[in-house]
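# Sharing a model prediction with you, sequence too.
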Amino acid sequence: MRLAAYLHVNYEEDDLLPLLIVVFNLIPITIFLAVLSFTIVINFGIAFIVEMIALLLCLAWLIPCVIICTVSALVLWQAIQVSRFIIGAYIDRSLSGSIPPNKVH
């Protein structure tokens, strides 16, 4: 088995991207749900207008956070892909002997 194949240089079935998106978006979504749950419990049956304002403010905070976190996860995933490809190509070349050995004078 080639070491580059072991390092998953082919990314057709790579599950790293969905994992990164979930991990990067976990904190903003958790904060959103906590704040929204708190306002629902406090304002239940009393002030639905305040609840709608709280929901709009929470969504105004959550949507940019999710966009930024998703883009950050995509950038990190792409960097991991590139580094895996470079490492795999280097290992393939070094194992195939196409790189001449260094000559010491």
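It's in. Residues are numbered from 1 along each chain as shown.
# pLDDT below threshold where in the protein?
1-14, 45, 97-105 (pLDDT under 70).
# Run the chain-centre distance for the helix ranked longest in it.
As assigned by DSSP state H, the longest helix anywhere in the chain is helix 48-96. Chain-centre distance of helix 48-96: 4 Å, with CA atoms, centre = their mean, to the nearest Å.
# Against which helices or strands is it packed?
Helix 48-96 is packed against helix 3-6, helix 16-43, with contacts defined by 3 or more CB pairs under 8 Å, 6 or more residues apart in numbering; DSSP states H and E. Quick note: C-beta positions are derived from backbone N, CA and C, even for glycine.
# Pipe those helices into CSV and attach distance to V71 per row.
CSV is the format used below for the helices and strands packed on helix 48-96 (distance: least, CB to CB, whole Å):
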stretch, distance to V71
helix 3-6, 29
helix 16-43, 9
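# could those helices go into TSV alongside distance to V75 and mean neighbour count?
Putting the helices and strands packed on helix 48-96 into TSV (distance: least, CB to CB, whole Å; neighbours: other CB atoms under 10 Å) gives the following:
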stretch	distance to V75	mean neighbour count
helix 3-6	23	14
helix 16-43	10	14
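# For I86, which of those is the nearest?
Distance to I86, taken as CB to CB, is lowest for helix 3-6 among those, at 10.6 Å.
# before we move on, back to that, angle of the longest helix of the chain against helix 16-43?
160 degrees (axes from the mean of the first three to the mean of the last three CA atoms, to 10 degrees).
# how about the CA coordinates for stretch 18-28, as PDB?
Only the C-alpha atoms of stretch 18-28 are listed here, as PDB (Å, rounded to 0.1, in the frame of the first residue of the first chain):
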ATOM      1  CA  PRO A  18     -18.600  18.100   7.900                       C
ATOM      2  CA  LEU A  19     -16.900  17.500  11.200                       C
ATOM      3  CA  LEU A  20     -15.000  20.800  11.000                       C
ATOM      4  CA  ILE A  21     -18.300  22.700  10.100                       C
ATOM      5  CA  VAL A  22     -20.100  21.100  13.100                       C
ATOM      6  CA  VAL A  23     -17.200  21.800  15.500                       C
ATOM      7  CA  PHE A  24     -16.700  25.400  14.300                       C
ATOM      8  CA  ASN A  25     -20.500  26.200  14.500                       C
ATOM      9  CA  LEU A  26     -21.100  24.400  17.800                       C
ATOM     10  CA  ILE A  27     -20.400  27.300  20.100                       C
ATOM     11  CA  PRO A  28     -22.500  30.000  18.300                       C
END
